[in-house]
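Participant: sequence first, predicted model second:
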Amino acid sequence: MSKITQAARQLRLPEEKLLGDWIVTIPGFTLEKYRKLQRSRLSIISKNCFGGLISHTLGLPFRSPFVNMYLNDKEYIRFLRAPRVYMEEHLHFKETAWQSALKFNYPIFTLGNVDLNMNHYRDFDEAKKTWYRRREKINWYNLFVTGYTESEEVLSEFDALPYGKKVCFVPFKSDLDSAWYINLEINDGVPLWEIVNRYGNGAPFYYDPFDMLLYGKKTQLIDM
């Protein structure tokens with residue numbers, strides 16, 4: 001799809017005329033909603049890989065540097081309380097950590113007093129360049145903020161954040177508007193972070209992804 005998009009740019013064809021055939025099979029798809037999502041220039045701020053995965057699944061460009069990385073609960077909340085301030089900070093290399101799944105060392109950078117675990121980058125310079133390049137693409141006027149937690153305290157802190165569209169996936173039921181329940185029992189012991197990433201990949205879609213990204217609307221697709 002990326003090669004097709006590049007060719008379309010060279011021919012000066014509008015990108016919104018391109019539509020991957022798999023996208024029309026996604027639950028909740030309508031051409032009207034998809035075009036609206038394309039034109040919205042949405043930026044997804046995500047605690048882990050979910051933002052990049054859902055963007056890839058829906059054929060959307062990355063308008064955020066929060067791709068192929070993760071933060072811990074407390075530091076993610078800290079960042080979300082003053083995102084513009086943090087995004088003016090420079091990355092500083094802290095240390096490396098071992099990526100057991102991919103079998104390489106990856107860099108951990110500090111952004112102010114927040115640690116960014118770039119766990120899908122083996123090339124440290126590439127990680128920094130990609131961060132700064134994508135940082136400039138953030139659309140501060142249309143943000144979708146998402147995370148996940150198993151802590152009711154963290155959920156409460158997340159729910160209090162001043163964002164119009166915010167979703168926190170949790171393995172327990174809650175009356176808070178930003179709490180989106182996922183039943184761990186139907187996933188055979190798979191950890192929550194992996195379930196969230198699977199949802200980003202569409203396997204399966206627990207909630208309508210178009211309603212979620214466009215409106216922050218909770219349209220449940222699976223009985224949990």
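Facilitator: Good, I have the coordinates.

Participant: domains of the protein?
Facilitator: Domain assignment for the chain, taken from automatic domain parsing, gives 24-64+137-224, 69-134.

Participant: how many neighbours does residue 90 have?
Facilitator: By other CB atoms under 10 Å, 10 other residues sit near residue 90. All C-beta spots, glycine's among them, are computed from the backbone N, C-alpha and C.

Participant: same check on the one 4 residues further on?
Facilitator: Burial of residue 94, expressed as a neighbour count using other CB under 10 Å, amounts to 13.

Participant: list the contacts of it.
Facilitator: 107, 108, 109, 110, 115 (CB atoms under 8 Å, 6 or more residues apart in numbering).

Participant: secondary structure element for it?
Facilitator: Assigned by DSSP states H and E, residue 94 belongs to strand 91-99.

Participant: contacting residues around the very next helix or strand once past that strand?
Facilitator: Later in the chain than strand 91-99, the nearest helix or strand by DSSP H and E is strand 104-111. The contact list for strand 104-111, computed with CB under 8 Å, 6+ apart, reads 79, 86, 89, 91-99, 115-122, 124, 127-128, 131.

Participant: ok, now with 6 Å
Facilitator: Strand 104-111 has contacts (CB atoms under 6 Å, 6 or more residues apart in numbering) with 86, 89, 91-99, 115-119, 121-122, 124, 127.

Participant: so for the strand holding residue 94, what gets flagged as buried?
Facilitator: 91, 99 (16 or more other CB atoms under 10 Å).

Participant: check which residues of the host helix or strand of residue 125 are buried.
Facilitator: Under the criterion of DSSP H and E, residue 125 resides in helix 124-135. By neighbour count on 16+ other CB under 10 Å, the buried set for helix 124-135 is 124, 127, 128, 130, 131, 134.

Participant: could you work out the end-to-end span of stretch 13-29 for me?
Facilitator: One end of stretch 13-29 to the other measures 23 Å (CA to CA, to the nearest Å).

Participant: now do the same contact list for the residue nearest in space to the middle of the chain.
Facilitator: Among the residues of the chain, the one closest to the centroid is residue 51, at 1.6 Å (CA atoms, centre = their mean). Residues in contact with residue 51 (CB under 6 Å, 6+ apart) are 44, 66.
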